[in-house]
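In: A structural model of the following input is requested.
(2 chains)
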Amino acid sequence: MIEVENLTKRYRDLVAVDGLTFQVAKGEVVGLLGPNGAGKSTTMRILTGFLPATSGTARVAGFDVFEEPMEVKRRIGYLPENPPVHPDLTPAEYLRYCAGLKRLPRKRVADEIDRVAQQARVEGVMDRVIGGLSKGYRQRVGLAQALLGDPEVLILDEPTVGLDPLQIREVRELVKSLAGRHTVVLSTHILPEVAMTCQKVLVIHQGRLVDYDTLDGLIQKHLPGRKVTLDDIAFLEEIYAKLVQGPAAAQAALSAGGAA
Amino acid sequence: MRALLAIARKELTVAFATPVAWVLFMVMAFFAAQFFNGGLDAYRFLSLRASQLQSPELLAHLNVTERVLSPLFGSMGVFVILVAPFLSMRLFAEEKRTRTFELLLTAPVRPFEIVLGKYLAALALLLVALLLVALFPLLLSFYSGGLSGGAGVEWQTVGTALLGLFLLGAMALAVGMFVSALTESVIVAALVSLLFLLGLWVVTIFTIGVEGPVRELTGALSASEHLSAFLSGRIEAKDVVYYLSFVALGLYLTDRAVEGHRWG
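Out: Below is the predicted model of the structure:
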């Protein structure tokens, strides 16, 4: 569904994304993992057609994001890092606007708005001005916007930022329920989130792909012989530290985790 | 078309949800009322003098359209120039500041639909503001129509004057929208477009007392001189072309500026 090949993005002297290559199959939920500034958001912005790549190609559903942006944009629901909500509108007005932008058939709009409002749990605040809503609600209005029109591909940049623990759980359930019918790429630096929602993990560090595998694959590769269950998240911290910092740091992270 | 209308509708919703639209209408109505009253007072004084002088020729030449309405519309030209930057400043700068521009650029919408949708919403607000100004000739027509010695309201002149003001506003909004597409700051967008438009409005003052091609050049560039024919009831091709070429240029450049974002 998503094919990225040799993707590079340079901002003057800074290389944000460096020769990234990966594929995401239809129906997969992939977690983009990496430290701040690793190039996660940049990769997502290129996939959605917001930013051009310096070189390399990205294809979504077989369409090149730069050559055929309209075809790609029609198939993508995108939640940027900062939820793109208009503070002066109510969620109801905002979602109707987004439905128009996405050219949903007029007679489907009302049902579709009800559906995403329910999925993102914003039904209770539909007639309040977005500027007056809490960060968690704004985030979820942004999420509702991404879900609007039931797009094949969902690109969610840190979807659980600003939510309280219960809301985080709801959003994770939601993402999990999307798997299969939707292809989801989500970024986060909350490791448990990856373990709980994603089938595959793509670790980026300094714009480069360090590893891309299923959770089981990562465990076997980096912690051979260790017995871990997915409830145990310490292992992911260990793998993550190994990948982005080297083995010494991983050891430190492990002993710190053990002490706590 | 669907996306274009959604954008226009959203702009109007925001304009009415914030004070923008209401302040615009208030400013236009308030100043139009002041100029209207002033014009009426002057007219009354003149007609009083004319009847004191027992001069039927002078009375016959007194014309409400010419004496009251044309000055009113002429003065409103400045206010169109003054309010347009405040209508256009948010169009793009605000989207960039609040990061909602990312939504627009990742939606299946072509840049030109975005530009046109926003522009049409701003034009609609301007049109309503001008209709408020048009209430004053209407008011006058109730009292002045058919009185002997003075002609009633000349609707044709009122019509061309309103058309001229509309074209002037359309030009100002197109210029302002382009400036707004270049910056993230609404204040910068408003100030830069205001300075540019005021410059075009008063450009002839730089060549007072000058003859020849320089004077002709400033006259051709002047936004106010191109309004004068409209105010006296004439539609001249050169004036229409002047305003519409600014509109076309503004829309084209804004479209390029939005498209430019896709190229980094």
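In: drop to CA atoms for contacts and neighbour counts, all remaining ones
Out: Noted.
In: closest residue of the stretch 101-250 of chain A to chain B?
Out: Shortest the stretch 101-250 of chain A-to-chain B distance, computed as Cα to the nearest Cα: residue-wise this is residue A:101, at 4.5 Å.
In: and the helices in chain B, which stretches?
Out: Secondary structure of chain B (DSSP state H): helices located at B:2-17, B:20-52, B:56-61, B:64, B:70-88, B:90-97, B:101-106, B:111-144, B:155-182, B:186-202, B:213-221, B:225-231, B:237-261.
In: what's the angle between the first one and helix B:90-97?
Out: What it means is helix B:2-17. 90 degrees (axes from the mean of the first three to the mean of the last three Cα atoms, to 10 degrees).
In: flag every buried residue along helix B:2-17.
Out: Judged by neighbour count using 16 or more other Cα atoms under 10 Å in any protein chain shown, the buried positions of helix B:2-17 are B:2-15.
In: what's around residue B:119, how many residues?
Out: Using other Cα atoms under 10 Å in any protein chain shown, residue B:119 has 21 other residues around it.
In: pLDDT at it, what is it?
Out: At residue B:119, the predicted lDDT confidence score is 97.
In: hang on, it packs against residue B:173?
Out: Yes - when contacts are counted by Cα atoms under 8 Å, residue B:119 is listed as touching residue B:173 (7.4 Å).
In: how about the strands in the stretch 1-150 of chain A?
Out: Using DSSP state E, counting those that start in this stretch, the strands found in the stretch 1-150 of chain A span residues A:2-11, A:14-24, A:29-33, A:55-60, A:63-64, A:76-79.
In: single out the most deeply packed of those strands.
Out: Burial among these, expressed as mean neighbours by mean count of other Cα atoms under 10 Å in any protein chain shown, is greatest for strand A:76-79, which shows a mean of 29.
In: center of chain B, which residue is that?
Out: Nearest to the mean C-alpha position of chain B, by Cα atoms, centre = their mean, lies residue B:169 at 2.7 Å.
In: contact partners for the closest residue to that one other than its chain neighbours?
Out: Leaving aside its chain neighbours, residue B:169 sits nearest to residue B:80 (5.8 Å; criterion: Cα to Cα, 6 or more residues apart in numbering or on different chains). Residue B:80 makes contact with B:165, B:168-169, according to Cα atoms under 8 Å, 6 or more residues apart in numbering or on different chains.
In: repeat for residue B:28
Out: Residues in contact with residue B:28 (Cα under 8 Å, 6+ apart) are B:76, B:79, B:129-130, B:132-133.
In: would you check which pair of these lies furthest apart?
Out: In terms of Cα to Cα, the contacts of residue B:28 reach their longest pairwise distance at B:79 and B:132, which sit 13.2 Å apart.
In: mind checking how far the residue of the stretch 51-200 of chain B found nearest chain A is from residue B:39?
Out: Per Cα to the nearest Cα, the residue of the stretch 51-200 of chain B with the smallest distance to chain A is residue B:100, at 4.2 Å. Between residue B:100 and residue B:39 the distance, using Cα to Cα, to the nearest Å, works out to 46 Å.
In: now the helices for chain A?
Out: Listed in chain order (using DSSP H), the helices of chain A are A:40-47, A:69-75, A:91-101, A:106-119, A:135-147, A:165-178, A:191-197, A:215-222, A:234-245, A:247-259.
In: shaky segments in the chain?
Out: Here I'm looking at chain A. Counting by pLDDT under 70, the low-confidence segments of chain A come to A:229-234, A:246-260.
In: oops, chain B please
Out: By pLDDT under 70, the low-scoring segments of chain B are B:60, B:145-151, B:264.
In: spell out which parts of it neighbour chain A.
Out: Within chain B, the positions lying close to chain A (Cα under 8 Å from any Cα of the partner chain) are B:2-7, B:9-10, B:13-14, B:17-18, B:98-110, B:261-264.
In: to residue B:223, which of the strands of the stretch 1-150 of chain A lies closest?
Out: strand A:2-11 (41.6 Å).
In: out of everything not next to it in sequence, what's closest to residue 179?
Out: I went with chain A, as the question did not name one. residue A:27 (5.5 Å).
In: you looked at the wrong chain, it should be chain B
Out: When the adjacent residues along the chain are set aside, residue B:179 lies closest to residue B:189, with 5.5 Å between them (Cα to Cα, 6+ apart).
In: next: residue B:258.
Out: The shortest distance from residue B:258 to any residue other than its chain neighbours is 6.0 Å, reached at residue B:111 (Cα to Cα, 6+ apart).
In: surely the one you found is in contact with residue B:261?
Out: No - with the criterion set as Cα under 8 Å, residue B:111 and residue B:261 do not qualify as a contacting pair; they are 9.9 Å apart.
In: could you tell me the end-to-end distance of stretch A:48-59?
Out: Between the opening and closing residues of stretch A:48-59 there is a gap of 10 Å (Cα to Cα).
In: does chain B sit close to that stretch?
Out: Yes - Stretch A:48-59 is in contact with chain B by Cα under 8 Å from any Cα, via A:48-52.
In: out of those residues, which is most surrounded?
Out: For the residues of stretch A:48-59 next to chain B, counting by other Cα under 10 Å, the largest number of neighbours falls to residue A:48: 29 neighbours.
In: still on that earlier bit, higher neighbour count, residue B:111 and residue B:261?
Out: With neighbours defined as other Cα under 10 Å, residue B:111 and residue B:261 compare such that residue B:111 has more, 20 against 13.
In: next up, the contacts around the more buried one.
Out: With contacts taken as Cα under 8 Å, 6+ apart, residue B:111 has the following neighbours: B:105, B:255, B:258-259.
In: what's the closest of those residues to residue A:131?
Out: Ranking the contacts of residue B:111 by separation from residue A:131, with Cα to Cα as the measure, puts residue B:105 on top at 21.8 Å.
In: for stretch A:75-83, how far is the first residue from the last?
Out: 19 Å.
In: ok, residues contacting that stretch?
Out: Counting by Cα under 8 Å, 6+ apart, stretch A:75-83 makes contact with A:41, A:48, A:61, A:138-139, A:141-143, A:145-148, A:150-159, B:99-100, B:102, B:106, all of which sit outside it.
In: what is the neighbour count of the nearest residue to residue A:114 once chain neighbours are set aside?
Out: Spatial nearest neighbour of residue A:114, chain neighbours left out: residue A:123 (7.5 Å); criterion: Cα to Cα, 6+ apart. As a burial measure, the neighbour count of residue A:123 was computed by other Cα under 10 Å and equals 17.
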